[in-house]
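Novice: make a model of this:
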Amino acid sequence: MTIQFLSETHPGTVHDKRVADATPYPLPQGSHLLQDLGFLGFTPDNVMIEMPTRKPKKRELTDEQKAANQAKARRRVSIEHVNSSVKRCRILKDVCCLLRKGVRDLVMEICCALHNFRVRLHPWLPIPESE
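Specialist: Reported below is the predicted structural model:
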């Protein structure tokens, strides 16, 4: 659950898809990318994209599709836990008055490094595959 890639910060409100399109992600060939509906159309080369299956109109999902969606949801929850762990640093949540160029990126790098340090000292338990 370590953070391995961090893009540049963007001022104001910018949609994640627009940032993803503008940033060259160094994903190795054959990687699996778990993405949600906010990233439709973002398709890096040589990467397997995993998305939850949407419920068809006036029909239900099969039991296999429901189980696959639950497994993906469990992985997404652990990713959200990483995000909240980084936001323990209050400087990320509060209004940042540091206006000098590059300082906000540096603050984000430091907070992500602190998260990785915490995880290295006290590793999180892996999520069980089946309950």
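
Novice: quick one: mean pLDDT for the strand or helix carrying residue 18?
Specialist: Assigned by DSSP states H and E, residue 18 belongs to helix 16-22. For helix 16-22, mean pLDDT is 83.

Novice: what ranges does this protein have for its strands?
Specialist: Remark: strands assigned in the chain by DSSP state E are 31-34, 47-50.

Novice: what's the closest of those to residue 112?
Specialist: Closest to residue 112 of the strands of the chain is strand 31-34 (Cβ to Cβ; 18.9 Å). Bear in mind the C-beta positions are built from the backbone N, C-alpha and C, glycine included.

Novice: any idea what the nearest residue to residue 43 once chain neighbours are set aside is bridged to?
Specialist: Sequence neighbours aside, residue 49 is the residue nearest to residue 43 in space, at 6.5 Å (criterion: Cβ to Cβ, 6 or more residues apart in numbering). Residue 49 has these beta-bridge partners by DSSP bridges: residue 33.

Novice: re earlier: compare the strands of the chain and give me the one nearest residue 113.
Specialist: strand 31-34 (22.9 Å).

Novice: report the contact partners of the spatially most central residue of the chain.
Specialist: Centroid-nearest residue in the chain, with Cα atoms, centre = their mean: residue 79, separated by 5.7 Å. Listed by Cβ atoms under 8 Å, 6 or more residues apart in numbering, the contact set of residue 79 reads residue 34.

Novice: distance of it from residue 53?
Specialist: 19 Å (Cβ to Cβ, to the nearest Å).

Novice: swap in residue 7?
Specialist: Using Cβ to Cβ, residue 7 is found at 28 Å from residue 53.
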